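1. what follows is a predicted structure for the sequence shown.
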Amino acid sequence: DVKVTQSSRYLVKRTGEKVFLECVQDMDHENMFWYRQDPGLGLRLIYFSYDVKMKEKGDIPEGYSVSREKKERFSLILESASTNQTSMYLCASSLGREFQETQYFGPGTRLLVL
Amino acid sequence: SQQGEEDPQALSIQEGENATMNCSYKTSINNLQWYRQNSGRGLVHLILIRSNEREKHSGRLRVTLDTSKKSSSLLITASRAADTASYFCASQRADNFNKFYFGSGTKLNVKP
């Protein structure tokens, strides 16, 4: 079974702090994704990566950056956390070698920025 | 706005009844997928329907796709209390297969 893990289930940070969210997958997937989930808005794509050191902006990249130094690990960085970044963050991965494929999600990190 | 919209936003039914959720999307797609999310958890893939398919079944799940109307529906038959969750459609864009657009979800409550 594909396993996608996220470093924290809950995080509380202060405005202005630099925040790192880590995601690890164990199935040699090429693609990795970061979404944020807010009530009534569904999931919105922040960034995705299709290879080591490769990334592409999603729909809402402002205020975020990402890092993929190793294939299995994809990090989301909030350079200076703000209260409007309080949200549920979901990481996902997919095989990346075919069109018809599914995404495998981690359990999510609920971030509260005070 | 988001690629996918779902209705209803919330649905409450009795165990044993059928549940139907609908999803609409805006641009051409490769496929449309349905995911389930238990409260406060990650999403789990349920079923995928390709753009050239019209209907697909998996156990108690039935998905239809109407590309002319850019819509899909998910039917859960003989629902169980354990089906209580939020359900999301996700459309994989035809012009960028790395991009999936998720609807806002339908919250299903199945009463025992």
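-> Perfect, thanks for sending it.

2. helix, strand, or coil at the residue nearest the centre of chain A?
-> Taking C-alpha atoms, centre = their mean as the criterion, residue A:34 is the residue nearest the geometric centre of chain A, at 2.6 Å. With DSSP: H, G, I helix; E, B strand; the rest coil as the basis, the three-state label of residue A:34 is strand.

3. what pLDDT does it get?
-> Model confidence at residue A:34, expressed as pLDDT, equals 97.

4. try residue A:100
-> The confidence metric pLDDT takes the value 57 at residue A:100.

5. where does residue B:82 land in three-state SS?
-> The three-state assignment at residue B:82 reads helix, by three-state DSSP.

6. now for it: which residues touch it?
-> Under the criterion of C-beta atoms under 8 Å, 6 or more residues apart in numbering or on different chains, the contact list for residue B:82 reads residue B:110. C-beta: built from backbone N, CA, C; applies to glycine.

7. got a pLDDT number for it?
-> Residue B:82 is assigned a pLDDT of 95 by the prediction.

8. residue B:2 now?
-> At residue B:2 the predicted local distance difference test score is 45.

9. could you list the low-confidence segments of chain A?
-> Counting by pLDDT under 70, chain A shows low-confidence ranges at A:1-2, A:97-100.

10. for it, which strand is longest?
-> The single longest strand within chain A, with elements called by DSSP state E, is strand A:42-51.

11. in that one, which residues are buried?
-> Going by neighbour count (16 or more other C-beta atoms under 10 Å in any protein chain shown), the buried part of strand A:42-51 is A:42, A:43, A:44, A:45, A:46, A:47, A:48, A:49.

12. before we move on, what about stretch A:47-65?
-> By neighbour count on 16+ other C-beta under 10 Å, the buried set for stretch A:47-65 is A:47, A:48, A:49, A:55, A:58, A:64.

13. near chain B, list only the ones from those residues.
-> Contacts with chain B within the buried residues of stretch A:47-65, as defined by C-beta under 8 Å from any C-beta of the partner chain: A:48, A:58.

14. mind checking how far residue A:70 is from residue B:73?
-> Look at residue A:70 and residue B:73: by C-beta to C-beta, to the nearest Å, they are 41 Å apart.

15. who's more crowded, those two?
-> For residue A:70 versus residue B:73, neighbours defined as other C-beta atoms under 10 Å in any protein chain shown are more numerous around residue B:73 (17 against 10).

16. my guess is residue B:112 contacts residue B:81. True?
-> Yes - under the criterion of C-beta atoms under 8 Å, residue B:112 makes contact with residue B:81 at 4.4 Å.

17. still on that earlier bit, determine which two of the buried residues of stretch A:47-65 are furthest apart.
-> Checking the buried residues of stretch A:47-65 against each other with C-beta to C-beta, the farthest-apart pair comes out as A:49 and A:64, at 12.8 Å.

18. find the residues that touch each one of these two.
-> When contacts are counted by C-beta under 8 Å, 6+ apart, residue A:49 and residue A:64 are jointly contacted by no residue.

19. quick check: residues of chain A near chain B?
-> Looking at chain B, the residues of chain A close enough under C-beta under 8 Å from any C-beta are A:4, A:31, A:33, A:35, A:40-45, A:48, A:50, A:56, A:58, A:88, A:90, A:92, A:96, A:99-100, A:102-108, A:110.

20. how far does stretch A:44-64 sit from its chain's centre?
-> The gap between the average C-alpha position of stretch A:44-64 and the chain average comes to 8 Å, counting by C-alpha atoms, centre = their mean, to the nearest Å.

21. hmm, who's touching it?
-> In contact with stretch A:44-64 (C-beta under 8 Å, 6+ apart) are residues A:30-38, A:65-66, A:68-71, A:74, A:76-80, A:82, A:85, A:96, B:2, B:98-102.
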